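J.: Predicted structure and sequence below. I'll ask about it afterward.
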Amino acid sequence: MTAHQAVNARYRYLRLQAEADLAGSTRPGQFYQLRCPQTSVLQPFLLRPMSVYGTGPDAGTVEFLYAVAGTGTLALATLAEGQSMEIVGPLGQGFTLDASARRVLLVARGVGLATMAPLVRQAAQAGLAIDVLLSARSPADAMADELLRGAPATVHAVFDSDGSSAVDRVEPLLAVLLAEGCDAVYTCGSERLALLLRRLLQPHPQVRAEVALEQRMACGMGVCLSCVRPFEREGHVALQRVCREGPVFPLREMLGGWHG
């Protein structure tokens, strides 16, 4: 580990260095399984899935941005710089960015911005115009700079603290952004925002739409089936593994109200 530090009161930044070419093999939207350390008090058993926040510039460098929330991440937060840890990845299916796209809309909530950050970088490198709707509990949690990392973008921030993140207030803003025109929409971090986008996209069938799902899982490789969710495909319900067929799925296939 080459860096591990607090970003704010809720989130931490972790940078690891390996001998393998992680930067060359990892796509935006993919994730790794991390073996969190065990302490005298905290003893997480299962590996923890964590989306990739960034890679490079060295081939073996991979970055994570995570919220300290449960036993695994509390234990992970105790890891000191210079210590080593086991990781498995990259895993899963990532985002698809069309070479012909000119403008994209990204909708991120909370730590979901970590999943979107590599896509922001890829879109900026391709010269695309980027609109971002960033939803957070409060301005202190928004972390727009951490999401963009210097990429040019128009950011619309909404917060729980002032009520601007409520669905009925976000809906007209998203409707305007879609009406102004975009080639693709990507989202992560909020089921309610994803389902709102799915509804608002009905008059825009030409727009690519993808969602990166966050889901509890055990093996991360499609064997244990603990992360199966239902999706709507060609008028039927199809069961898909978030770790294997996802975590990125076509947004229009997403079904709500599923808690695994």
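T.: Ah, there it is.
J.: Which parts of the stretch 101-250 of the chain are helices?
T.: 112-125, 139-142, 144-148, 167-179, 191-200 (DSSP state H, counting those that start in this stretch).
J.: Tell me if I'm right that Y32 and P90 touch.
T.: Yes - under the criterion of CB atoms under 8 Å, Y32 makes contact with P90 at 6.3 Å. C-beta: built from backbone N, CA, C; applies to glycine.
J.: lowest-pLDDT helix or strand in the protein?
T.: Ranking every helix and strand in the chain by mean pLDDT, DSSP states H and E puts helix 71-76 at the bottom, with a mean of 85.
J.: For the next helix or strand after that one, give the mean pLDDT please.
T.: Counting by DSSP states H and E, the next helix or strand C-terminal to helix 71-76 is strand 87-91. Averaging pLDDT along strand 87-91 yields 93.
J.: Show me which positions of strand 87-91 end up buried.
T.: For strand 87-91, burial by neighbour count (16 or more other CB atoms under 10 Å) applies to 87, 89-91.
J.: re earlier: quick check: which of the helices of the stretch 101-250 of the chain is buried the most?
T.: Comparing the helices of the stretch 101-250 of the chain by mean neighbour count (mean count of other CB atoms under 10 Å), helix 112-125 comes out on top with a mean of 23.
J.: got the contact list for it?
T.: Counting contacts by CB atoms under 8 Å, 6 or more residues apart in numbering, the residues outside helix 112-125 that touch it are 26-29, 51-55, 64-66, 95, 97, 101, 104, 106, 108, 130, 132, 134, 143, 146-149, 151-153, 186-190, 212, 214.
J.: per-residue pLDDT, the closest residue to N8 other than its chain neighbours?
T.: Nearest residue to N8, sequence neighbours excluded (CB to CB, 6 or more residues apart in numbering): A140, at 5.9 Å. Per-residue confidence (pLDDT) for A140: 87.
J.: about what we covered before: in terms of secondary structure, what does the least confident helix or strand of the chain contact?
T.: Other elements packing on helix 71-76 under the criterion 3 or more CB pairs under 8 Å, 6 or more residues apart in numbering; DSSP states H and E are strand 48-51, strand 61-67.
J.: most packed of those strands?
T.: strand 48-51 (a mean of 24).
J.: Tell me which residues touch the nearest residue to G29 once chain neighbours are set aside, please.
T.: Take G29 and drop its neighbours on the chain: the residue closest to it by CB to CB, 6+ apart is G94, 3.5 Å away. Residues near G94 by CB under 8 Å, 6+ apart: 27-30, 248.
J.: what's the distance between Q93 and V41?
T.: Noted for Q93: a distance of 36 Å to V41, by CB to CB, to the nearest Å.
J.: err, S165, not the other one
T.: Distance, S165 to V41, by CB to CB: 35 Å.
J.: So which of those two has more stuff around it?
T.: S165 (22 against 9; other CB atoms under 10 Å).
J.: Could you list which residues are in contact with the more buried one?
T.: S165 neighbours (CB under 8 Å, 6+ apart): 135-136, 158-159.
J.: Reformat those residues into a markdown table and put distance to A218 and neighbour count next to each item.
T.: Listed next are the contacts of S165 as a markdown table, based on distance: CB to CB, whole Å; neighbours: other CB atoms under 10 Å:
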| residue | distance to A218 | neighbour count |
| --- | --- | --- |
| S135 | 29 | 24 |
| A136 | 29 | 24 |
| V158 | 34 | 19 |
| F159 | 34 | 17 |
